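**Q** Could you look at this predicted model? Sequence included:
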Amino acid sequence: MRKVKIVTIFLLCFSMVISLTGCGEKKSEDKAEKINLSWYVNFSWFTADWGNNMVSKAITEKTGCNIEFVTPTGNPNEKLDSMIAGDTLPDIITLGWWEPEISQMVNENKVYALDTLADKYDKYFYKVVNDEVVNWHRSNDGHLYQYPNSACSPSDYEKYDTLASNESFLVRKDIYEAIGKPDMTTPEGFISAVEKAAKMFPTIDGKEMIPVGCTEFNEIGCDSFDNYLMDFLAVPYVDGKGNAIDRIKNKDYIMWLKAYNQLARKGLLKDEIFIDSRTQMSEKISNGQYFCMIYQYTDMADQEKQLYAKNPNSIYIAVDGPKNSKGDDYTLPGTSINGWTVTLISKNCKNPDKAIKLLTYLISEEGQKMTWLGVEGKTWDYNKEGIPEMKNDIKKILYTDRTQFDQKYGADSCYWMMQNDAMASQWIKDDKDNPVTQLKQWTYPYTTYVGQYTITFDADSDIGKTKNEIDSVWGKTLPKLLLAKSDAEFERLYKSFMKERYDKGYKKVLKAFTEKINENIEKLGLNK
C-alpha cells in the first residue's frame, strides 16, 4: 500500500508540474497573441498615445489589445466621411452622439450591433452596461450599435449629488480682481467690465490679452454664442403647453447677441476667435490670454493646471456671468443619457471578439478604476473608509503637470472614451488642491437635467436634412451678427435669417421636436 501511495503522490506531483508548465505556456501564448486595434477618435485635439504609460500598458496586459489611435488633422467630419465613403473605417470609432454619420454607418451596415457581438463573444457585457442607457440608445431595429461615455440617466441625479454641468462663465482671476470684481450679469455691466479689462491689460504675461474667448466656430455656429449662452439666460425649450419653441427668438438672447456686437464694434471681439482651432485656443488658455469666456471647464482643465503651477493668481475662476432680464438662475445642462461621445465597432474589424471584450472591460467597474485612478497599489489604494483614493504624490503631479502625468501614468480619464462620470463620482471627490474644483462646484446649484430636449434626427430623413440645412445657414449668420457694423445691419441680418429659417421649413422641425420631446419624456419616465 505504501508503494502505491508513493507512486500516486509522484504521479500527482508530475501531473501538477505538467499543468503548471502548460499554464505557463498558455500565458506566453496569450502574450504572443496580443492584437492591434485601430481606434478613430473624431477630435483633432486628441493627442494621447498608447503603450508608453502605466495605464495603457496595464489595459493591454488585461485585455490582450494594443491600441493604435487615429485622429483627424483637419476637419474631423471630412476625414470621417471619406473613411465611410472609401470603406476604410478603423476597428473602433468614437464621435459625438449628435453626429449624423452615426445613423449613416448604421444604415449602410458598416458597424456591428454590440449586442450581437456580446451574445456571440462576451455575455459579461450585459452585466456591466447600464440598462437604462442601453434601452435609450437602441436603434429602431432593436439592436445596440453604440455605447456612450459620460451618460447619466435621470435616476443618477437622484443617486449622486455631485453631478456637475460642464458649462461655466470663466474670468482670469488676477484681471477680474484688478478691475474690482465687477457684476457681469447685465449687458451694461458686462460691456463695462470687458472694456476696463482691455484698457488695463492690453497685454498679459508678455502676450496680447484677448478680452473675450469662446468655443470653436464651426459650420453650424459656436456653442459659446448660441447653446451655452441660451443656457445661461435660462431660455426654455418648450412653452407652457409642452410645445418646442424656437430659442433663437428669445428677446434676452437677442439682447445679449447685441451686447457682444457692441464689443465687436469697439474692437473687443478679436478676429482670431472666429478662426482659431481648439488646439490654438488651448494654447492661448494655457498662456492665460483670455479675460472671460463661456466655456466647458472640463475642456480647459489641463491648461488650468498649467496656469496654477506657474502662478495660482493667473488661473480662471467661475463667476456669475450673463443673466436674463429677470435675473433668473441659470439652467445649465448636466450630462444626459445621450452622454458626450458614443463608440462603435466597425465591420472592418478583423477581431470583433477582442474589440467587444475591450469595451466590456473599459465599461466595467474594474476598467473605470483603471482609467480614472490607475493601477491599484501604484497610483491608488483604498483609504480608511474603504474608498479608492489616488496617492498624494501622484495627485501632486496631476494638479501641476498634466502632460507629465499622462505620459507617465495615463489615469484621470486620459482615455475618456468609455468614462462613466456617475460611477466615478464615488471615488473622484472635490479636492481643494485641485484648481478645477472651484469651477466644478460653481455649477452645482444650476445643474439641470435636460436630456429630454437633446435630440438628433436621422441625417437621411426629410426632417434631418431640413434641420441640417437650416443649421448651416445659422453657422454662416452668427459671425455676421456678432460683427455687424450697426444696429440696422444686425436687424437686417437677423430678420433675413429668420425668414430663410422658416421658408426652409423650421415649423416642421419644431413639430418634430415636440413629438420627440414627448416621446423622450415618456421613455425616461419623467411624466410620472
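**A** Everything's here; your move.
**Q** what helix or strand does residue 497 sit in?
**A** helix 487-503 (DSSP states H and E).
**Q** and that helix, what's its mean pLDDT?
**A** Model confidence over helix 487-503, given as mean pLDDT, is 98.
**Q** Next, the buried residues of that helix.
**A** Across helix 487-503, burial judged by 16 or more other CB atoms under 10 Å covers 490, 493, 494, 497, 501. The way it works is simple: take the backbone N, C-alpha and C, and place the C-beta from them, glycine included.
**Q** ok, now stretch 251-260?
**A** Buried, per 16+ other CB under 10 Å, within stretch 251-260: 252, 253, 256, 257, 258, 259, 260.
**Q** Can you give me every residue that contacts residue 201?
**A** Neighbour list for residue 201: 175, 178, 209, 291 [criterion: CB atoms under 8 Å, 6 or more residues apart in numbering].
**Q** Setting aside sequence neighbours, what's the nearest residue to the last one?
**A** Translated: residue 291. residue 197 (4.5 Å; CB to CB, 6 or more residues apart in numbering).
**Q** Geometric centre of this protein: which residue is closest?
**A** residue 340 (4.4 Å; CA atoms, centre = their mean).
**Q** List the contacts of the closest residue to that residue other than its chain neighbours.
**A** Using CB to CB, 6+ apart and skipping the chain neighbours, the partner closest in space to residue 340 is residue 150 (4.4 Å). Residue 150 makes contacts with 335, 339, 340, 341, 416, 419, 420, 421, as judged by CB under 8 Å, 6+ apart.
**Q** Assign a three-state SS to residue 507, would you?
**A** Following DSSP: H, G, I helix; E, B strand; the rest coil, the label given to residue 507 is helix.
**Q** That one: neighbour count?
**A** 11 (other CB atoms under 10 Å).
**Q** same deal with the one 3 residues further on?
**A** Residue 510 is flanked by 15 other residues according to other CB under 10 Å.
**Q** cool, the one 5 residues further on as well?
**A** If you count neighbours by other CB under 10 Å, residue 515 ends up with 13.
**Q** same question, residue 477
**A** 19.
**Q** got it, and residue 327?
**A** By other CB under 10 Å, neighbour count at residue 327 equals 10.
**Q** In a helix, it, correct?
**A** No - under three-state DSSP, residue 327 sits outside any helix and is assigned coil.
**Q** so who does the closest residue to residue 336 other than its chain neighbours touch?
**A** Among residues not flanking residue 336 along the chain, residue 451 sits closest, at 3.0 Å (CB to CB, 6+ apart). Residue 451 sits next to 152, 153, 154, 336, 337, 338, 520, 524 when contact means CB under 8 Å, 6+ apart.
**Q** In helices, which of those residues appear?
**A** 154, 520, 524 (DSSP state H).
**Q** Tell me the spacing between the last one and residue 450.
**A** So the one you mean is residue 524. As judged by CB to CB, to the nearest Å, residue 524 and residue 450 stand 11 Å apart.
**Q** neighbour-wise, which of the two wins?
**A** residue 524 (19 against 15).
**Q** so what's that one scoring on pLDDT?
**A** 89.
**Q** Make sure it is actually in contact with residue 152.
**A** No - counting by CB atoms under 8 Å, residue 524 does not reach residue 152; the two are 11.4 Å apart.
**Q** Please consider this matter closed, and thank you.
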